[in-house]
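S.K.: mind folding the following:
(one chain, ligands or ions: 1)
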Amino acid sequence: MAEEENALLGDIRAFNVYTGNLAWTFKTIPEPNQPGYETWSPANPRERIGGANSWAGMAIDRKRGIVYVPTGSAAYDFFGGNRKGDNLYANCLLALDASSGKLLWHYQLVHHDIWDRDPSAPPNLVTVINKGVKTDAVAQITKQGYVFVFDRVIGKPLFEILETKTRQDAIKGEYPSPTQPVPSKPTPFTRQSFTEKDFNPFVADRDSMVKLLRAARHGSAYIPLGREMTIFFPGTDGGAQWGGAATDEEGTLYVPAKQIPVYTTLVDVEKRTTNAPVTSTALFISRCAPCHGADGKGNHDGSYPSLANIDKKYSQAQVLQLLEKGRGMMRSFSHVSLEEKTAIVNYVLNKTGASTQVNNTEPQEENPDKSPYQHTGYNRWYDRNGFPVSSPPWGTLTAIDLNSGEQKWQVPLGEYESLTKKGIPPTGTDNYGGPLVTSSGLIFIAASRDAKFRAFDKVNGKIL
Ligand code: HEC
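M.R.: Residues are numbered from 1 along each chain as shown. As a prediction, the model looks like this:
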């Protein structure tokens, strides 16, 4: 789902498997008569705002007929001035009656999300002994590195969740929530902040890195984005990602995660008034930079590819076609005028200079819900040798005892052979992809960027 002003509503729907008929709809962004409506301002969020969709996957308790639905953030990902308030039911774990769609309970994991910190994986259903009582639980892992554990039936947290004060120094027009929920247990499966002492011991250009960090907003979770470089740790996409976690019958959760800083910045959206020409750079910045970066270099793991030297790879017609159709995780730009697309393509292919003016064929109406800011990309912070600037581990597999909330073990997941050869212990790598735990006590996981498939001993995390 798009995460801008054109985002669609993220309603949850149930269909009858025999007939295909719609059985019910749960509106994650409420109607005026629905509970939760009061957590949005100005009024009528459904007419103005989209998102709050369940993209990460759901879980179902078949015996009880309850479906557990994690919901995404509301648009925009990094600005919420047009949606003051907590924004229910975005960023929630919802328990819905599977036959009626009635809300049984909910817990909001991030209030007024302006960090794209929505739950990134399906919840895990697990049975634990909580303070001596056998309890059917649901556990939700997060990008922030927290695990939220609830009684599956009544929604009561099994470990206390503390509303914790967070930084409030936001950009003009933004109103961050004064607090965010932080579970007292389990211990987070990632570190929670990135400070000067957290640079890795072999980082290249340390002095200039330190300088950059000193000028940046950093050092805690949930820092409102500013015009300065703002550091996310763990990075924007976690922490945990869509591969999710595995659980076993003893109530242990096995969760892969990454611990790599990501930075971004808010910049003003160039105002486009009727007939005023815009530059091709401005078009690139507004349409392409959120993913490919303002410098067009993409991000370091290649999930958003670099566009440098793209002229050696594609013709003008081919790039135009790509924008028309989209590809993989890149959306189509068919809604953009041909003149604009051509200007962007010529810019990307270095056919024209950065300051080429283009007639503004799409004058923007004054839309009060449009963000005045945009972000400059999901930039993983790597040094010039291609390694994350943070101290390892960069990728981990963690076993957490959900009965007690205690961590059992944490081991690196993945390695860079070039570093291991130099005698550096395995650092772990960025990773996406879930684990599988067997009844005989093995954990299988791929996910790491060294493209290896591993088996671990679930008792102690030893690589087998
Ligand atoms: C939502 C993120 C996103 C946005 C916005 C975006 N791209 Fe992409 N782009 C991608 C991804 C992801 C790929 C890789 C797609 C694949 O191959 O699966 C890609 C691929 C490309 C490629 C091909 C790269 C190659 O080496 O094959 C070009 C060219 C490109 N994008 C240009 C653009 C231009 C120009 C814009 C702005 C009009 C743009 N992109 C906006 C995410 C994005």
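
S.K.: Lys463 and Phe456, how far apart?
M.R.: Residue 463: Ile, not Lys. 6 Å (Cβ to Cβ, to the nearest Å). Any C-beta I mention is one placed from the backbone N, CA and C, and that applies to glycine too.

S.K.: ok, now Ile66?
M.R.: 32 Å.

S.K.: ok, back up a step: so for Ile463 and Phe456, which residue has more residues nearby?
M.R.: Phe456 (23 against 14; other Cβ atoms under 10 Å).

S.K.: residue of the stretch 251-400 of the chain with the smallest distance to the ligand?
M.R.: Nearest to the ligand in the stretch 251-400 of the chain, going by Cβ to the nearest ligand atom, is Gly328, at a distance of 2.2 Å.

S.K.: what about that residue, neighbour count?
M.R.: 7.

S.K.: same thing with Ser286?
M.R.: 16.

S.K.: shared neighbours, Ile463 and Phe456?
M.R.: Both Ile463 and Phe456 are contacted by Val411, under the criterion Cβ atoms under 8 Å, 6 or more residues apart in numbering.

S.K.: the ligand contacts on the protein?
M.R.: Contacts of the chain with the ligand, taken as Cβ under 6 Å from any ligand atom, map to 287-288, 290-292, 304-305, 307, 310, 313, 319, 322-323, 327-331, 333, 344, 348.

S.K.: now with 8 Å?
M.R.: Within reach of the ligand by Cβ under 8 Å from any ligand atom, the chain has these residues: 283-284, 287-292, 303-307, 310, 313-314, 319, 322-323, 327-331, 333, 336, 341, 344-345, 348.

S.K.: in the longest strand seen in the chain, what counts as buried?
M.R.: Scanning the chain for the strand with the most residues, using DSSP state E, yields strand 133-141. Across strand 133-141, burial judged by 16 or more other Cβ atoms under 10 Å covers Thr135, Ala137, Val138, Ala139, Gln140, Ile141.

S.K.: cool, and stretch 23-38?
M.R.: Phe26, Lys27, Thr28, Ile29, Pro30, Gly36, Tyr37.

S.K.: and that stretch, how far apart are its ends?
M.R.: From its first residue to its last, stretch 23-38 covers 27 Å (Cα to Cα, to the nearest Å).

S.K.: which residues are contacting the longest strand of the chain?
M.R.: 59, 61, 68, 70, 93, 95, 109, 119-121, 123-130, 147-153, 158, 189, 239-240, 244-245, 247, 251, 253, 255, 402.

S.K.: partners of it in the sheet?
M.R.: The strands beside strand 133-141 in its sheet (DSSP bridges) come out as strand 124-130 (antiparallel), strand 147-151 (antiparallel).

S.K.: pairing partners for the nearest residue to Ala245 once chain neighbours are set aside in the sheet, please.
M.R.: Using Cβ to Cβ, 6 or more residues apart in numbering and skipping the chain neighbours, the partner closest in space to Ala245 is Val255 (4.0 Å). Counting by DSSP bridges, Val255 forms beta bridges with Thr398.

S.K.: worst-scoring helix or strand of this protein, pLDDT-wise?
M.R.: strand 357-358 (a mean of 78; mean pLDDT, DSSP states H and E).

S.K.: that one: how far from the chain's middle?
M.R.: Offset of strand 357-358 from its chain centre (Cα atoms, centre = their mean, to the nearest Å): 34 Å.

S.K.: not counting residues beside it along the chain, what's closest to Thr264?
M.R.: Closest to Thr264 by Cβ to Cβ, 6+ apart is His375, at 4.6 Å.

S.K.: again with Glu324
M.R.: Closest to Glu324 by Cβ to Cβ, 6+ apart is Ser334, at 5.4 Å.

S.K.: now swap in Gly10 and tell me
M.R.: With Cβ to Cβ, 6+ apart, the residue lying closest to Gly10 is Asn53, at 2.7 Å.

S.K.: which of the three states applies to that neighbour?
M.R.: coil (DSSP: H, G, I helix; E, B strand; the rest coil).

S.K.: let me know how buried the nearest residue to Val358 once chain neighbours are set aside is, in neighbour terms.
M.R.: Distances taken as Cβ to Cβ, 6+ apart place Ala343 nearest to Val358, at 4.2 Å, with adjacent residues excluded. When neighbours are defined as other Cβ under 10 Å, Ala343 has 25 of them.
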